[in-house]
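>>> heads up, no residue letters with this:
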């Protein structure tokens, strides 16, 4: 079967391998000119312990404080507000208790399969060394904020996620560089990768070695014929014929889904980070700074701090005052960090859905076109698992989890959840 995958980020290349396993003739279509894809410089977490959607009490608790800070963890550029308004309405609707519960169940179902799927994929490709198994920490500046989070932690534990509160003395033994922390939880089973961009590149090279092709052009249109699909490309390049097409173009997927009759509320969370020389932060494992809007990761390529949710679309220039603000706030927890320490700054685009669930399923107008995008903060986490689901759907097999929560049409009026 000739299958074209639009997008060669972590979700696209993972999907390529899942389909190569099935004997597909695979082409990956992606423009080398496209900057800011989330696969290139994310935090590197396999965040399978996450269960809460962005539209949750955990986030709403901090929204007023964040919005009052012009360089805070959550921002909407004024000129982008009219465009993001319909998405924000759906985000508010996704905050209703019943909808939060549906999102939690969907996130947990997919994340529970994330690490096993990655172990299978990396094992098949002899890339085990990319996975770092050191656990992770969540830390709170104030004890009261931690007490408010106990219900979420208990629910994680109810799902079988290992999460253990640690005393101040034990925290000092684990991460002696940390200061101004009144509560902490260790997640001993959480993993990260040594280099997100390096992993994506290695997966692409392995796919090419297995017979896939990389077509470095923009996908501009999907044409449907009775016995084939045809993908039109930019720059006057020849079109590609296919039996199946998978749209996995992350934040750039919307134009193609519209052509297929699907009005999907996809938007972009712009995230910022800085990467310092290895060992600069003095932390041995990834750390989530709860309520602060950022995380740190000791990657093999350097120590990274990143976060932020900025809504400003795909065209506005980065505002690296936000990156500087993250680093300044980090110094409150790591006072040894010299503000003059050089770091490589970056901004990227997370493909975001209002309910924090990816879009996985068939296009409305043609079941030969499938979607696999919109993973938000969980693109790296969920890539291998969602790739397996797409392979199941194309093969006509029932996936290992219920896929209705991820259906492309779930935002249509009359859709039954």
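Structure received. Here the structure is a predicted model, which means the values were calculated and not measured.

>>> where do the helices sit along the stretch 151-300 of the chain?
Taking DSSP state H, counting those that start in this stretch as the criterion, the stretch 151-300 of the chain contains helices spanning 168-174, 196-209, 254-259.

>>> right, so of those, which gets closest to residue 7?
The minimum distance between residue 7 and the helices of the stretch 151-300 of the chain falls on helix 254-259, with 9.9 Å, by C-beta to C-beta. C-betas here are computed from N, CA, C, even on glycine.

>>> among the helices of the stretch 151-300 of the chain, which gets the worst mean confidence?
Summarising mean pLDDT across the helices of the stretch 151-300 of the chain, the least confident stretch is helix 168-174, with a mean of 89.

>>> Please tell me how far that one is from the chain's geometric centre.
Here helix 168-174 is found 30 Å from its chain centre; the criterion is C-alpha atoms, centre = their mean, to the nearest Å.

>>> Buried ones in that helix, by neighbour count?
By neighbour count with 16 or more other C-beta atoms under 10 Å, helix 168-174 contains the buried residues residue 171.

>>> what comes into contact with it?
Contacts with helix 168-174, where a contact means C-beta atoms under 8 Å, 6 or more residues apart in numbering, come from 137, 139, 166, 178, 181, 182, 184, 186, 284, 285.

>>> What separation do you get for the fifth one and residue 155?
Just to be clear, that refers to residue 181. Going from residue 181 to residue 155 by C-beta to C-beta, to the nearest Å gives 23 Å.

>>> out of these two, which sits in the more crowded spot?
Just comparing residue 181 and residue 155: by other C-beta atoms under 10 Å the higher neighbour count belongs to residue 181, 21 against 15.

>>> OK, contacts around the nearest residue to that one once chain neighbours are set aside?
Here the nearest residue to residue 181 in space, its sequence neighbours aside, is residue 139; by C-beta to C-beta, 6 or more residues apart in numbering that works out to 4.6 Å. If you count contacts by C-beta under 8 Å, 6+ apart, residue 139 has them with 171, 178, 181, 183, 184, 287, 288, 289, 290, 333.

>>> and which of these is nearest to residue 80?
Where those are concerned, and distances follow C-beta to C-beta, residue 80 has its nearest neighbour in residue 289, at 26.4 Å.

>>> Look up the residues forming beta bridges with the closest one.
Under the criterion DSSP bridges, residue 289 forms beta bridges with residue 139, residue 294.

>>> you'd agree it is up against residue 305?
No: Residue 289 is not in contact with residue 305 according to C-beta atoms under 8 Å; the separation is 9.0 Å.

>>> Now the common contact residues for these two.
Counting by C-beta under 8 Å, 6+ apart, the residues touching both residue 289 and residue 305 are 295, 296, 330.

>>> how about low-confidence regions in the stretch 301-417 of the chain?
Low-confidence regions of the stretch 301-417 of the chain, defined by pLDDT under 70, span residues 414-417.

>>> What are the boundaries of the strands in it?
Applying DSSP state E, counting those that start in this stretch to the stretch 301-417 of the chain gives strands spanning 302-311, 344-352, 359-362, 369-373.

>>> what's the answer for the stretch 101-250 of the chain, then?
For the stretch 101-250 of the chain, applying DSSP E, counting those that start in this stretch gives strands covering 131-132, 136-140, 164-166, 183-187, 191-193, 213-215, 219-224, 229-233, 240-242, 244-247.

>>> Could you identify which of those strands is most buried?
strand 244-247 (a mean of 27; mean count of other C-beta atoms under 10 Å).

>>> Can you tell me what sits against that strand?
For strand 244-247, the surrounding residues in contact (C-beta under 8 Å, 6+ apart) are 1-7, 12, 15, 19, 24, 222, 229, 231, 253, 256-257, 363, 368-373, 390, 394.

>>> Mark which of these are buried, thanks.
When these are checked for burial by 16+ other C-beta under 10 Å, the buried set is 3-7, 12, 15, 19, 24, 222, 229, 231, 253, 256-257, 363, 368-373, 390, 394.

>>> ok so, going back, could you export the strands of the stretch 101-250 of the chain as JSON lines, including mean pLDDT and distance to residue 410?
Compiled in JSON lines, the strands of the stretch 101-250 of the chain are given as follows (pLDDT from 0 to 100; distance: least, C-beta to C-beta, whole Å):
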{"stretch": "strand 131-132", "mean pLDDT": "97", "distance to residue 410": "32"}
{"stretch": "strand 136-140", "mean pLDDT": "98", "distance to residue 410": "30"}
{"stretch": "strand 164-166", "mean pLDDT": "96", "distance to residue 410": "36"}
{"stretch": "strand 183-187", "mean pLDDT": "98", "distance to residue 410": "30"}
{"stretch": "strand 191-193", "mean pLDDT": "98", "distance to residue 410": "30"}
{"stretch": "strand 213-215", "mean pLDDT": "97", "distance to residue 410": "31"}
{"stretch": "strand 219-224", "mean pLDDT": "96", "distance to residue 410": "21"}
{"stretch": "strand 229-233", "mean pLDDT": "97", "distance to residue 410": "24"}
{"stretch": "strand 240-242", "mean pLDDT": "97", "distance to residue 410": "26"}
{"stretch": "strand 244-247", "mean pLDDT": "98", "distance to residue 410": "16"}
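
>>> Just put those in CSV and tack on distance to residue 401.
Conversion of these to CSV gives the following (distance: least, C-beta to C-beta, whole Å):
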stretch, distance to residue 401
strand 131-132, 22
strand 136-140, 24
strand 164-166, 27
strand 183-187, 22
strand 191-193, 21
strand 213-215, 30
strand 219-224, 27
strand 229-233, 27
strand 240-242, 27
strand 244-247, 18
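
>>> got the contact list for residue 228?
By C-beta under 8 Å, 6+ apart, the contact set of residue 228 is 241, 242, 243.

>>> go with 10 Å
Residue 228 makes contacts with 2, 241, 242, 243, 368, as judged by C-beta atoms under 10 Å, 6 or more residues apart in numbering.

>>> which pair in those residues spans the largest distance?
The distance between the two most remote of these (C-beta to C-beta) is 11.9 Å, for 241 and 368.

>>> Find residues that contact each of these two.
Residues within reach of residue 241 and of residue 368 at once, by C-beta under 10 Å, 6+ apart, are 228, 229.

>>> Please report how far residue 347 lies from residue 318.
From residue 347 to residue 318 the distance is 4 Å (C-beta to C-beta).

>>> When the two are compared, which one has more neighbours?
For residue 347 against residue 318, the residue with the higher neighbour count under other C-beta under 10 Å is residue 347, and the figures read 22 against 16.

>>> Fine by me, we can end here.
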